[in-house]
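Visitor: What shape does this take:
(chains A and B)
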Amino acid sequence: MSLSEKIERIDRRVLYALLWVVVLFILLSPVNMPVVIGDLTKEYHRQIEAIPSNAIVVLAFDLGPEGWPELGGMCYGSMQHLFWKIHEKHIKVVMLTYWSTGAALITNCFGGVYGPMDKMGAVYGVDWVNLGYIAAGEVGMSAFATDVWAAKPTDYQGWLVSDASKLPIMQQVRSIKDIYMLISIESGTPGFEEYNRQWWTRKSTLKILVGALGVSIPGYEPYRPARIQSYLGGGRGAAEYILLLGQTDPKILTSQPGKIAVGVTDALSTSHMLVIVFVVIGNIGYFLRLRRKQQ
Amino acid sequence: MTWYKRREGPLIVTLIVALFVIFEWYFGEGAVIPEATTVSGQVQLFVAFILAFVIGVGAVSVLRLHWHRIQRRKPGDYSWIYSGWIFVVIILFVVTGIFLGALSGLRTEEPSYKWMYDYVFMPLSGTMYSILAFFIASGAYRAFRARTAEAALLLIAGTLVMLGNAPIGGVIWPGFMDINTWIQRIPMMAGIRGILLGAGIGAIAMGIRILTGRERGYLGGGE
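Guide: Predicted coordinates:
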């Protein structure tokens, strides 16, 4: 086998091993490469900062555990950011998920399993509520948009949403008309496309922020800024957002999701660079073989 | 053919239900006819209940499939062990999630259920997803070859987007971020919008075919 063929046909196990070694090395010995905070992240942050007093915000964890390593920082950061706003502006936060595997992520997040969540004195049932899992995907979204109480009669622990003594917050949340903003952190379907069809079309002034996997980003761009005000894209978006929040409260940088979100940027950079190196090597081999053939 | 096997019944039900929902969309909004919203809402809640029930049917179906695999195991073939493992895991989750969770009133906070979710399901799901990185690296090496002018264009655009998306790209040269933004906002968006519009028009056409009974694939079976 000639050199060009050897370059062009490197065993995939060698590529896997190289990627594994490089990522492992950089995770064990981080070099803390600088991260430039992008405009989309700044806009995502600004939109949450600009939520008016007493507004109702829905925070949806539409993801499963497979998306957590990439989206965990956004979930944690957005929840903490909203708790700050509850304290500052008395906004109301409704947490929910249309993914059966997402319910435990919400409780783990506010329960401090992934790191301390500073609730800033927010009272459950008054300032915020967790409705847990809502079944039926897009149909469930549609039902929720027209009649919240009928679509989800209880919160995650079985309290009736109509019970004003336990969940007074829900007296103000009856349909999509009452909701000011949706923050959907998602790793697939149902997600923004379904919210767009069932929620935005019923309330065109609804503000929408999205946190998405890196591979899904191209699908959101056509909807911005008319329907999606801004989005966080993948591990990089999560890291930028956590760094931005860290300017307000540095404690978030030392939380477990914060550390992972920021620490993973080194691995993201090196793995991307390695893929580019692989592509270059493959093309060198291809052109060397082409040249030999022509000779 | 007996009446319950005839296809006209499901077709009529589909038409009526669809008309309720479509009617509500145009006339229920703004309380032109508030009753339309009520009826449509009830229909949607009914669908939500059916779909929740279907999760149980799905679990039973999976268990039946794997029960057959265990029964038909052959000497020397140990793949039936995976089917057995599915049985164990589903039963464990059902017992801890439904029975222990409901009895204790803790629901998904029931400690054994939570332990399995946090320390088995979470890391396994993350691992499965992260394996994609290896396939992407290997796939990029094999497929990203500048064999033609179009392929070269794709290769250059892909590399620039990668550099723009990687956190280090903006540090090496801020221009990578601008180029990435331009590629995503102009040529890529034009293509995606075209695809979305095409899909939207296709969905309308499919909806009309279903409503008029021309599209019957969703009824199951075959002709």
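
Visitor: Which other helices and strands does the longest helix belonging to chain B contact?
Guide: Determined from DSSP state H, the single longest helix within chain B is helix B:34-71. If contacts are counted by 3 or more CB pairs under 8 Å, 6 or more residues apart in numbering or on different chains; DSSP states H and E, helix B:34-71 sits against helix A:137-146, helix A:148-151, helix B:8-23, helix B:80-94. In this view, the C-beta of every residue, glycine as well, is placed from N, C-alpha and C.

Visitor: Show me the one of those helices that comes nearest residue A:191.
Guide: helix A:137-146 (9.8 Å; CB to CB).

Visitor: Next, the angle from the closest one to helix B:8-23.
Guide: What separates the directions of helix A:137-146 and helix B:8-23 is an angle of 40 degrees, with axes from the mean of the first three to the mean of the last three CA atoms, to 10 degrees.

Visitor: Which residues does helix A:137-146 contact?
Guide: With CB atoms under 8 Å, 6 or more residues apart in numbering or on different chains as the test, helix A:137-146 has contacts from A:98, A:134, A:136, A:150-152, A:175-176, A:189-190, A:194-195, A:197-199, A:202-203, B:37, B:40-41, B:44-45, B:47-48, B:51.

Visitor: could you flag which of the residues you listed are buried?
Guide: Neighbour counting with 16 or more other CB atoms under 10 Å in any protein chain shown marks A:98, A:134, A:136, A:150-152, A:175-176, A:190, A:194-195, A:198-199, A:202-203, B:37, B:40-41, B:44-45, B:47-48 as buried within those.

Visitor: Read off the pLDDT value for residue 113.
Guide: With no chain named, the answer covers chain A. You'll see residue A:113 listed with a pLDDT of 90.

Visitor: not what I meant, chain B
Guide: At residue B:113, pLDDT is 91.

Visitor: can you redo the helices and strands packed on helix B:34-71 as JSON lines with distance to residue A:249 and mean pLDDT?
Guide: Compiled in JSON lines, the helices and strands packed on helix B:34-71 are given as follows (distance: least, CB to CB, whole Å; pLDDT from 0 to 100):
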{"stretch": "helix A:137-146", "distance to residue A:249": "32", "mean pLDDT": "92"}
{"stretch": "helix A:148-151", "distance to residue A:249": "32", "mean pLDDT": "94"}
{"stretch": "helix B:8-23", "distance to residue A:249": "46", "mean pLDDT": "88"}
{"stretch": "helix B:80-94", "distance to residue A:249": "37", "mean pLDDT": "93"}
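
Visitor: is the helix or strand bottoming out on mean pLDDT in chain B up against chain A anywhere?
Guide: The weakest-scoring helix or strand in chain B, judged by mean pLDDT, DSSP states H and E, is helix B:101-104 (a mean of 83). No: counting by CB under 8 Å from any CB of the partner chain, chain A is not contacted by helix B:101-104; separation bottoms out at 9.7 Å.

Visitor: now stretch B:173-191
Guide: Yes: judged by CB under 8 Å from any CB, stretch B:173-191 comes into contact with chain A through B:174, B:177, B:184-185, B:188-189.

Visitor: and residue A:116, helix, strand or coil?
Guide: Look at residue A:116: counting by DSSP: H, G, I helix; E, B strand; the rest coil, its state is coil.

Visitor: My error: substitute residue A:184 in the last question.
Guide: Residue A:184 - assigned by three-state DSSP - is strand.

Visitor: so who does the spatially closest residue to it that is not a sequence neighbour touch?
Guide: Closest residue to residue A:184 apart from its sequence neighbours, by CB to CB, 6 or more residues apart in numbering or on different chains: residue A:60 at 4.5 Å. Counting by CB under 8 Å, 6+ apart, residue A:60 touches A:95-98, A:182-186, A:195.

Visitor: neighbour-wise, which of those residues leads?
Guide: residue A:185 (31 neighbours; other CB atoms under 10 Å in any protein chain shown).

Visitor: quick one, what contacts that one?
Guide: Contacts of residue A:185 by CB under 8 Å, 6+ apart are A:59-63, A:71, A:74-75, A:78, A:210-212.

Visitor: Just the buried residues of the longest helix of chain B, please?
Guide: So helix B:34-71, judged by 16+ other CB under 10 Å, has buried residues B:36-37, B:40-41, B:43-45, B:47-48, B:66, B:69.

Visitor: Assumed residue A:209 was part of a strand.
Guide: Yes: per three-state DSSP, residue A:209 lies within a strand segment.

Visitor: Pull out the buried residues from the least confident helix or strand in chain A by mean pLDDT.
Guide: Across the helices and strands of chain A, mean confidence by mean pLDDT, DSSP H and E is lowest for helix A:3-8: a mean of 84. Using 16+ other CB under 10 Å as the burial criterion, the residues of helix A:3-8 that qualify are A:4, A:7-8.

Visitor: cool, and stretch A:77-96?
Guide: Neighbour-count burial for stretch A:77-96 flags A:77-86, A:91-96 (criterion: 16+ other CB under 10 Å).

Visitor: wait, does that stretch contact chain B?
Guide: No: contact of stretch A:77-96 with chain B (CB under 8 Å from any CB) is absent, the minimum separation being 13.8 Å.

Visitor: what about the helices in chain A?
Guide: A:3-8, A:12-28, A:39-49, A:68-89, A:103-110, A:137-146, A:148-151, A:192-195, A:234-246, A:251-254, A:256-294.

Visitor: Residue B:104: which of these is closest?
Guide: helix A:103-110 (15.1 Å).

Visitor: which secondary structure elements does the closest one contact?
Guide: Where contact means 3+ CB pairs under 8 Å, 6+ apart, helix A:103-110 is packed against strand A:56-62, helix A:68-89, strand A:92-97, strand A:128-133.

Visitor: picking that back up, can you tell me which of the residues of stretch B:173-191 next to chain A are classed as buried?
Guide: B:177, B:184, B:188-189.

Visitor: Who are the packing partners of the helix or strand harbouring residue B:189?
Guide: Following DSSP states H and E, one finds residue B:189 within helix B:187-211. Applying 3+ CB pairs under 8 Å, 6+ apart, one finds that helix B:187-211 contacts helix B:8-23.

Visitor: now for the helix it packs on, which elements pack on it?
Guide: Taking 3+ CB pairs under 8 Å, 6+ apart as contact, the helices and strands that helix B:8-23 lies on are helix B:34-71, helix B:187-211.
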